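> no sequence on this one, just coordinates:
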């Protein structure tokens, strides 16, 4: 992912939630200057408490967390969202299994990146989430294409349809899955970067709201719903 | 044995127990069902057995959890338990020698062959005893002794029946008797003999008193035990196996959770700290991939054999070049991946590693449009025309291969004019998914 948003003049207030202190301090040191870390949390309960108290703009949230009722990152989002309406969540996962990621996305996270991403990449993703964009990794895009039946040739006929992707969204997802940045997607499809971001946000909304059988069955199986 | 554990198939009549059992032992389903029915008449023993099996055996989906672990060097190094697991489940050694709670001494035999060697004399001894008894009775009666034939004849019959039942048990255990008809005949013979023995007790009992009745009841009980003993013992050992497998699985899950939380995190951190092109990052990535492969085998949803194959290729190449592959797949490939495609993909990935390095995206899509595989790198890029003819890399090994497989290969500039993108495509397989518009070419993916 290449930077697509210019650094905001005011430092972006972020909270790091991860159960490993080594990872937290490592990430903290790596984040660039435009981000200011308000605090760190290691468990679900700590995270909910800190988010409620500090009201950070973006929470860098690990998917697997101890504590709480065992719901991990998804539980943090569900519990904290009501107390911190302006806080956005970016999921960080060491697991590249899409299953892990979709649980936090469906709980309300605005994006997902892997933990092997560099500090610059995490900073950029956090800025993009703060700017209202959704952050999609290639793997998440691949999962979306699969889960929404896009590879099987299903396309949404109207914008309101939540269970299928539109032809354009499919195109965008396919290019993201190929590892293209938003800008490269825009150039390839001859559309504005802003339009790409809109498409991605729409897909994220569908991912969160869709009652599509595969997603719900999958979620039910893991007791997420 | 064909299956490692008894499992109940999805396609079932009632609970799938009989079908699963039949599949497990190689007996015809009908035989098992009839036997179950017969056993049900024996004071409800069959019903009890059925219920017990139904409660203790998993459905067919479960075996994936107990599949043999991948033979990666890490799996070998990390866990001797893992290799033991594969040995135990491979079927050569059906039982853990040290499995606790197994009552019969024959079950402690470590291997099926030893088991057979040990069990065979029992048959011979029993048959010999029967013959001996018959001979003695004959000689004695010739000599004019008052032989109670009413007791001796049924006794001989019971001994023979027991021997046959034992023999069948041994065969079942060793898996030698795959001809189910012979097995059925033997089982039937044993049953008939035992029944005759019991009947004789009844018929020849000239003075029906308390002792005759008790004896008859005991005989019936004994007969039932003799007939079902092999099965019960077998089920017992299977249960022990299953319990052991479950324990191993739990242990592995625990290890996985621990490694997931600590080692993977650390490896991720090293990659982050060391910079994407450094040697440390490369090593950490290779280890991470290997560990991941071991931890999450069979649990990553939506992956196909082809995607797994691509990941394997990726980790192999990453070991030699400072490159990081991100392999993403969507859709599932019906059937096996065509070899030429895998070879071409490998060549394309190798090409990206050699000439570009750094992050390389591999995206595989299998859908209505056919199969599409792209390898996108961020290197300096190259035009195909400038590649000298003698460098066969792209021209022959990628484009030629794909053409022969009935597909296409395109080499073009990457997104935004940076890097290279190699796009491999195969047309959809006609009999899968509704045929797409106008695809006149016959399927050529399967080479002779």
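Received it, and whenever you're ready, just let me know what you need. Everything numeric here is computed off the predicted structure, so don't read it as measured data.

> could you point out where chain A is predicted with low confidence?
A:1-9, A:95-99, A:159, A:211-225 (pLDDT under 70).

> Could you check how far the residue with the largest distance to the centre of chain A is from residue A:168?
Within chain A, the residue lying farthest from the chain centre (Cα atoms, centre = their mean) is residue A:157, at 26.2 Å. Distance of residue A:157 to residue A:168, given as Cβ to Cβ, to the nearest Å: 13 Å. Where you see a C-beta, it was placed from the backbone N, CA and C, and this is true even at glycine.

> before we move on, what about residue A:82?
Using Cβ to Cβ, we find residue A:82 at a distance of 34 Å from residue A:168.

> So between those two, which is more surrounded?
Just comparing residue A:82 and residue A:168: by other Cβ atoms under 10 Å in any protein chain shown the higher neighbour count belongs to residue A:168, 17 against 8.

> Now do stretch A:173-191: distance to the chain's middle.
When C-alpha coordinates are averaged (Cα atoms, centre = their mean, to the nearest Å), stretch A:173-191 and its chain have centres 18 Å apart.

> mind listing the strands in chain A by residue range?
Along chain A, the segments classed as strands by DSSP state E run A:12-17, A:35-41, A:58-62, A:88-93, A:111-114.

> tally of neighbours for residue B:409?
For residue B:409, the count of nearby residues is 24 (other Cβ under 10 Å).

> Give me the buried positions along the longest strand anywhere in chain B.
Across chain B, the longest stretch assigned as strand under DSSP E is strand B:358-367. Along strand B:358-367, these residues count as buried under the neighbour rule (16 or more other Cβ atoms under 10 Å in any protein chain shown): B:358-367.

> who touches the one residue in chain B that gets nearest to chain A in this structure?
Distances between chain B and chain A by Cβ to the nearest Cβ are smallest at residue B:361, namely 2.6 Å. Contacts for residue B:361 (Cβ atoms under 8 Å, 6 or more residues apart in numbering or on different chains) come out as A:138, A:178-179, B:325-326, B:328, B:374-377.

> Of these - the most surrounded one?
residue B:375 (33 neighbours).

> mean confidence for the helix or strand hosting that one?
Secondary structure from DSSP states H and E places residue B:375 in strand B:370-377. Per-residue pLDDT over strand B:370-377 has a mean of 88.

> Check whether that strand comes near chain A.
Yes - legend: contact between strand B:370-377 and chain A by Cβ under 8 Å from any Cβ of the partner chain is shown at B:374, B:376.

> near chain A, which residues of the stretch 301-448 of chain B?
For the stretch 301-448 of chain B, the residues in contact with chain A (Cβ under 8 Å from any Cβ) are B:301-302, B:326, B:328-331, B:359-361, B:363, B:365-369, B:374, B:376, B:415-416, B:421, B:433.

> Could you check how far residue A:90 is from residue A:31?
For residue A:90, the distance to residue A:31 equals 12 Å [Cβ to Cβ].

> typo on my end, it should be residue A:121
11 Å.

> can you check residue A:147 too?
32 Å.

> Who has more neighbours out of those two?
More neighbours surround residue A:147 than the other of residue A:147 and residue A:31, with 23 against 20 (other Cβ under 10 Å).

> Please tell me how far that one sits from chain B.
8 Å (Cβ to the nearest Cβ, to the nearest Å).

> leaving aside the residues next to it on the chain, what's closest to residue B:38?
Leaving aside its sequence neighbours, residue B:38 sits nearest to residue B:46 (Cβ to Cβ, 6 or more residues apart in numbering or on different chains; 6.9 Å).

> looking only at pLDDT, what's the mean for the helix or strand containing the one you found?
Following DSSP H and E, one finds residue B:46 within helix B:45-56. If you average the pLDDT over helix B:45-56, you get 70.

> Confirm for me that residue A:62 is in contact with residue A:18.
Yes - counting by Cβ atoms under 8 Å, residue A:62 touches residue A:18, with 4.2 Å between them.

> intersection of neighbour lists for those two?
residue A:92.

> what residues are up against the residue in chain A that chain B sits nearest to?
Going by Cβ to the nearest Cβ, chain B is nearest to residue A:179 of chain A, at 2.6 Å. Going by Cβ under 8 Å, 6+ apart, residue A:179 touches A:138, B:326, B:328, B:359-361, B:363, B:376.

> Please name every helix or strand in contact with the lengthiest helix in chain A.
In chain A, assigned by DSSP state H, the helix with the most residues is helix A:193-209. Packing partners of helix A:193-209 (3 or more Cβ pairs under 8 Å, 6 or more residues apart in numbering or on different chains; DSSP states H and E): helix A:98-107, helix A:138-147, helix A:167-177, helix A:182-189.

> make it 6 Å
Helix A:193-209 is packed against helix A:167-177, helix A:182-189, with contacts defined by 3 or more Cβ pairs under 6 Å, 6 or more residues apart in numbering or on different chains; DSSP states H and E.

> now, of those helices, which is deepest in the fold?
helix A:167-177 (a mean of 23; mean count of other Cβ atoms under 10 Å in any protein chain shown).

> elements contacting it?
If you count contacts as 3+ Cβ pairs under 6 Å, 6+ apart, helix A:167-177 packs onto helix A:138-147, helix A:182-189, helix A:193-209.

> how about a markdown table for these, with distance to residue B:36 added?
Formatted as a markdown table, the helices and strands packed on helix A:167-177 follow (distance: least, Cβ to Cβ, whole Å):
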| stretch | distance to residue B:36 |
| --- | --- |
| helix A:138-147 | 43 |
| helix A:182-189 | 62 |
| helix A:193-209 | 49 |
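
> Most tightly packed of those helices?
Most buried among the helices and strands packed on helix A:167-177, counting by mean count of other Cβ under 10 Å: helix A:138-147, with a mean of 26.
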